[in-house]
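A.B. asks: Generate a structure from the sequence data that follows.
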Amino acid sequence: MNPAGLHGFLVRNMVFWAGLTFMCLSIALPFLRHFIYLLPFMVLLTVLGDQKIRLGDEAKPFLAIVLAGLVFSPLATDEGLKDLYFTLTGVSLAFLIDIPRISLWRLFLILLGCMTIFFLLFGDFKTGFDFDIAKSQSSFEGSFSFMFGLLAPFALLEKRYRLCVCCLLMTVLSLKRIAVMATIFACVFVLLGEKRAQRILNPPVMIILNGLFLITILLYGYGFFDSLITELTGQSANQFGQGRRALLSLPATEIFSHPEQFIFFGQGPGATYVLANKAVGLYGTAQRLHSDILKLFYEYGVVFSCFFIWLMYSVKNFSTRIAFLFMNVLFLTDNTLIYAFMLFLFVYLNRHMEKRQPVAINSLPHAQPKHGYAT
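C.D. replies: Have a look, this model is predicted:
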């Protein structure tokens, strides 16, 4: 019997469908979200069976975080080590040499079905429907906004305009303001075209822009924009940022006081949780800074943060750069680096857009291409 196959079924395909099921469970039935953390073990067994492994550009920045985290593991907290595994889980799909292809419309319907199940079981509509984009409030608010938002630019790349509009509408309905912004940015750059977009979506420019955004976030945490935000929105800076002003106050003060400590080394994986808990005075659960850009900077330092961004925008495929742009915008004010379900979708959509099959790397010993999975 073929050790890598099972009665004519492709085991790697079965692993993919299992991963897709785990992703759906994570967002539709959150109490079953832990199943997705089985995925790295399943992928490992599949890679050993195939005796081939793939390493796509879409996974390299995230794998760099995992490797850097292992290097800094002596400084890591328990939460920091969990973060590394969450990130690895999300991108582990990228190691499979081939996966099934699902139409984007079908994927949209799967996400819509998950959202329907979630709100039928857990939605609270006793007071009616609530929607306020200024306060980032919606009766359907949730992580679905990230998922639909990521799907939108890929639909546009395939010139599926009705699907793109549907994704945009669902992104707004399941309101996450940063997801709406990320979707708009990604779609605009798709419309600009590869040649014009390349002028901005390249490592030097994006490193500078992310640096400017990071300074802006730190100034916000330092209180520099408090009066302006109150004047424009009628809300306090902390209320407008949904508590982010308080969370960012300590890292902003520490970094502005001792910037030299964050050039080559950070404070180690998970250090931001300690800081965030201290900022809000809560220690029962791990508090997050809600800014992955700041998290990378604080935990790993300037040099690694620049390397991470360089990996994102040095990829060859235009569609992958667009996907990284979407994620990059999310990184400014959210913590999607540890959302395994989100990273799973990210990897799949990039694989979906590949025009040709990736070249497998026969990196495992005694590889025998003629006797891989059944086809």
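A.B. asks: so where is the chain shaky, pLDDT-wise?
C.D. replies: 1-9, 127-128, 134-136, 281-286, 355-375 (pLDDT under 70).
A.B. asks: Which parts of it are strands?
C.D. replies: 5-6, 9-10, 131-132, 137-138 (DSSP state E).
A.B. asks: And residue 64, how close does it get to residue 32?
C.D. replies: Separation of residue 64 from residue 32 (CB to CB, to the nearest Å): 30 Å. Where C-beta positions appear, they are placed from N, C-alpha and C, glycine not excepted.
A.B. asks: More neighbours: the two, which one.
C.D. replies: Between residue 64 and residue 32, residue 64 has the larger neighbour count (other CB atoms under 10 Å), namely 17 against 13.
A.B. asks: Quick one: residues contacting that one.
C.D. replies: Taking CB atoms under 8 Å, 6 or more residues apart in numbering, we find residue 64 in contact with 304, 307, 308, 311.
A.B. asks: ok, now with 7 Å
C.D. replies: Residues in contact with residue 64 (CB atoms under 7 Å, 6 or more residues apart in numbering) are 307, 308, 311.
A.B. asks: Can you tell me, leaving aside adjacent residues, what's nearest to the last one?
C.D. replies: Nearest in space to residue 311, with sequence neighbours left out and distances taken as CB to CB, 6 or more residues apart in numbering, is residue 61 at 4.1 Å.
A.B. asks: What's the local residue count around that neighbour?
C.D. replies: Residue neighbour count, defined by other CB under 10 Å, stands at 22 for residue 61.
A.B. asks: any idea how far it lies from residue 102?
C.D. replies: Residue 61 is 24 Å from residue 102, by CB to CB.
A.B. asks: what does residue 328 give?
C.D. replies: 25 Å.
A.B. asks: So for these two, which sits in the more crowded spot?
C.D. replies: Neighbour count, other CB under 10 Å: between residue 328 and residue 102, residue 328 has more, with 23 against 15.
A.B. asks: Ignoring the adjacent residues along the chain, who's closest to the more buried one?
C.D. replies: Nearest one to residue 328, counting by CB to CB, 6+ apart, is residue 312 at 6.7 Å.
A.B. asks: Can you tell me how far the one you found is from residue 120?
C.D. replies: Residue 312 is 37 Å from residue 120, by CB to CB.
A.B. asks: Compare neighbour counts for the two and give me the winner.
C.D. replies: residue 312 (27 against 9).
A.B. asks: for the more buried one, what are its contacts?
C.D. replies: Each residue near residue 312 by CB under 7 Å, 6+ apart is listed here: 61, 324, 328.
A.B. asks: can you rerun that using 8 Å?
C.D. replies: The neighbours of residue 312, taking CB under 8 Å, 6+ apart as the test, are 61, 206, 321, 324, 327, 328.
A.B. asks: can you count the residues close to the fourth one?
C.D. replies: Here the number of neighbours of residue 324 (other CB under 10 Å) works out to 25.
A.B. asks: surely it meets residue 317?
C.D. replies: No - between residue 324 and residue 317 there is no contact under CB atoms under 8 Å: 10.1 Å.
A.B. asks: roughly how far apart are the residue nearest to residue 146 when sequence neighbours are not counted and residue 152?
C.D. replies: Closest residue to residue 146 apart from its sequence neighbours, by CB to CB, 6+ apart: residue 179 at 5.0 Å. Residue 179 is 10 Å from residue 152, where distance means CB to CB.
A.B. asks: and for the two, which residues touch both?
C.D. replies: Residues touching both residue 179 and residue 152 (CB under 8 Å, 6+ apart) are residue 171.
A.B. asks: Settle it for me: which of the two has more neighbours?
C.D. replies: More neighbours surround residue 152 than the other of residue 179 and residue 152, with 29 against 26 (other CB under 10 Å).
A.B. asks: Can you name the residues that contact the more buried one?
C.D. replies: Counting by CB under 8 Å, 6+ apart, residue 152 has contacts 164, 167, 168, 171, 183, 186, 187.
A.B. asks: From these, which land in helices?
C.D. replies: Applying DSSP state H to these, the entries found in helices are 164, 167, 168, 171, 183, 186, 187.
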